[in-house]
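[1] Mind folding the following:
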Amino acid sequence: MQLDEAKEKFIQAWGTLGSNWGINRTMAQVHALLLASANSLSAEDIMAALRISRGNTNMNVRALIDWGLVYKEIRSGERKEYFSAEKDIWHVFKQIAKERRKRELEPIFRVLNDLRHVEGDADNQELKAFTETLRGIHTFASKADNTLDRLIRADESWFSNAFLKLMK
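    Just a heads-up that it's a prediction; the model follows:
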């Protein structure tokens, strides 16, 4: 398999994985293209490689910058902006974990906090079932949050060792 074909296959696969994880497919493809590129790319380079519009390119590059996965570079004497991806995959994983935590777990905790004090008859079965469900969601979300916190604070060797132990 030639390099161009391998890169294309990687970009398509990363896009599919991203959409399976709830990430915009094009955003994942832009990320893959930048991961696979030895040099920074301009918006025009990204547009040409992925055959997407300028608006789509800009929107997805900005989202990747917001996620902390892509960096903007300014080259002296040039008006174009160039973009490169974080290449340290451990750092990429931790950034994604931080963002998912912020976007998915923190809102759950805010809602659960608002629903902490539901009033009603203590003998009401609906109230009991509802509060029990909320308690279960809180327990699960807390465990997920603690796990993500450990992964975010951990170094790569700790994670590798823990993962290997888990697989035994």
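[2] Tyr71: neighbour count?
    14 (other Cβ atoms under 10 Å). Where you see a C-beta, it was placed from the backbone N, CA and C, and this is true even at glycine.
[3] looking at it, it is touching Ser84, isn't it?
    Yes - applying Cβ atoms under 8 Å, one finds Tyr71 in contact with Ser84, separated by 5.5 Å.
[4] how much space is there between Ile11 and Ala85?
    12 Å (Cβ to Cβ, to the nearest Å).
[5] Equivalent analysis for Thr57, please.
    14 Å.
[6] now swap in Thr131 and tell me
    45 Å.
[7] neighbour count winner among these two?
    Each of Thr131 and Ala85 has its neighbours counted (other Cβ under 10 Å); Ala85 has more, 20 against 16.
[8] Can you give me every residue that contacts the residue nearest the centre of the chain?
    In the chain, the residue lying closest to the centroid (Cα atoms, centre = their mean) is Ile96, at 3.5 Å. Residues in contact with Ile96 (Cβ atoms under 8 Å, 6 or more residues apart in numbering) are Trp67, Leu69.
[9] What mean pLDDT does the helix or strand hosting it get?
    Applying DSSP states H and E as the criterion places Ile96 in helix 89-100. Averaging pLDDT along helix 89-100 yields 88.
[10] Check stretch 50-66 too.
    Mean predicted confidence for stretch 50-66 is 96.
[11] Tell me, how many residues neighbour the spatially closest residue to Ala141 that is not a sequence neighbour?
    In space, Ala141 comes closest to Ile108 once its chain neighbours are excluded; the distance is 5.0 Å by Cβ to Cβ, 6 or more residues apart in numbering. By other Cβ under 10 Å, the residues close to Ile108 number 16.
[12] How about Trp14, nearest residue that isn't a chain neighbour?
    Closest to Trp14 by Cβ to Cβ, 6+ apart is Ala32, at 3.5 Å.
[13] Just list the residues touching that neighbour, thanks.
    Counting by Cβ under 8 Å, 6+ apart, Ala32 makes contact with Phe10, Ile11, Ala13, Trp14, Gly15.
[14] which among those end up buried?
    With burial judged by 16 or more other Cβ atoms under 10 Å, the buried subset of these is Ile11, Trp14, Gly15.
[15] In this structure the second one contacts Thr26, no?
    No - with contact defined as Cβ under 8 Å, Trp14 does not reach Thr26; the gap is 11.0 Å.
[16] Pull out the buried positions in the longest helix along the chain.
    What stands out as the longest helix in the chain, according to DSSP state H, is helix 125-153. Using 16+ other Cβ under 10 Å as the burial criterion, the residues of helix 125-153 that qualify are Thr131, His138, Ala141, Leu148, Leu151.
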